[in-house]
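# next input, structure requested:
(chains A and B)
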Amino acid sequence: DAKTTQPPSMDCAEGRAANLPCNHSTISGNEYVYWYRQIHSQGPQYIIHGLKNNETNEMASLIITEDRKSSTLILPHATLRDTAVYYCIVRVDGSNYQLIWGAGTKLIIKP
Amino acid sequence: GAVVSQHPSWVICKSGTSVKIECRSLDFQATTMFWYRQFPKQSLMLMATSNEGSKATYEQGVEKDKFLINHASLTLSTLTVTSAHPEDSSFYICSASGTGGPREQYFGPGTRLTVT
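The predicted structure follows:
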């Protein structure tokens, strides 16, 4: 699986959009971009995933560049409860494939 | 959405004893379950992958005789830490995914193990 690079930490004001970048320049054609988050002392939570088209669900939007070498997770109206470590992972789609976890981005939402 | 539970949520045990952690998929059949370990301020480390009815596949450096994994049904996997030592104290997390349900991995809430 390809590796990803994320900033170690970011701050965002409550109510504003939080934009979390991820670089995955060695991504393969059959690898998806997945985003998870982990609130302190809890299990990770699935957020969203995509292949090449932009995706949106009730939690977030995922913007993938045309060359697929980077992506951005957007939390449109961040709340204090969005404070967590956000992980960007690329992997081949399929339920049996393991996730390889990097260090993630610690997002702190400030009031 | 898919729900995965773990039991217990936390446990304290003495050195030399064994501890069993359960992971259940509540509303889908999990053909594959993964067990992770997470030390403070670190990322998740995969310990093993288990498919229902098969022996688990352990990651390099994980002792299979110490961390016993059983995935006997499509909704239950167990991790038993045998002869626990203080260095086994960690946050243990399971995840589950299934061909008949979600393709994404869904995670349990984790189990905090403290070995005294």
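# pick out the residue nearest the middle of chain A.
Central residue of chain A (CA atoms, centre = their mean): A:Trp35, 3.5 Å from the mean position.
# mind listing what that one touches?
Contact analysis of A:Trp35 by CB atoms under 8 Å, 6 or more residues apart in numbering or on different chains lists A:Leu20, A:Cys22, A:Ile47, A:Ile48, A:His49, A:Ala60, A:Leu62, A:Leu73, A:Tyr86, A:Tyr87, A:Cys88, A:Ile89. Yep, even glycine has a C-beta here, placed from its N, CA and C like the rest.
# any low-confidence regions in chain B?
Low-confidence segments of chain B, defined by pLDDT under 70: B:1, B:99-103.
# okay, now B:Trp10: neighbour count?
B:Trp10 has 11 neighbours, counted by other CB atoms under 10 Å in any protein chain shown.
# show the average pLDDT along stretch A:86-99.
What stretch A:86-99 shows for mean pLDDT is 80.
# still on that earlier bit, okay if I get the contacts of A:Trp35 as CSV plus neighbour count, secondary structure and distance to A:Trp101?
Shown next, in CSV, are the contacts of A:Trp35 (neighbours: other CB atoms under 10 Å in any protein chain shown; DSSP: H, G, I helix; E, B strand; the rest coil; distance: CB to CB, whole Å):
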residue, neighbour count, secondary structure, distance to A:Trp101
A:Leu20, 22, strand, 15
A:Cys22, 24, strand, 13
A:Ile47, 20, strand, 14
A:Ile48, 19, strand, 17
A:His49, 19, strand, 15
A:Ala60, 19, coil, 19
A:Leu62, 22, strand, 18
A:Leu73, 25, strand, 16
A:Tyr86, 23, strand, 12
A:Tyr87, 26, strand, 6
A:Cys88, 26, strand, 10
A:Ile89, 25, strand, 7
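# I appreciate the help and will end here.
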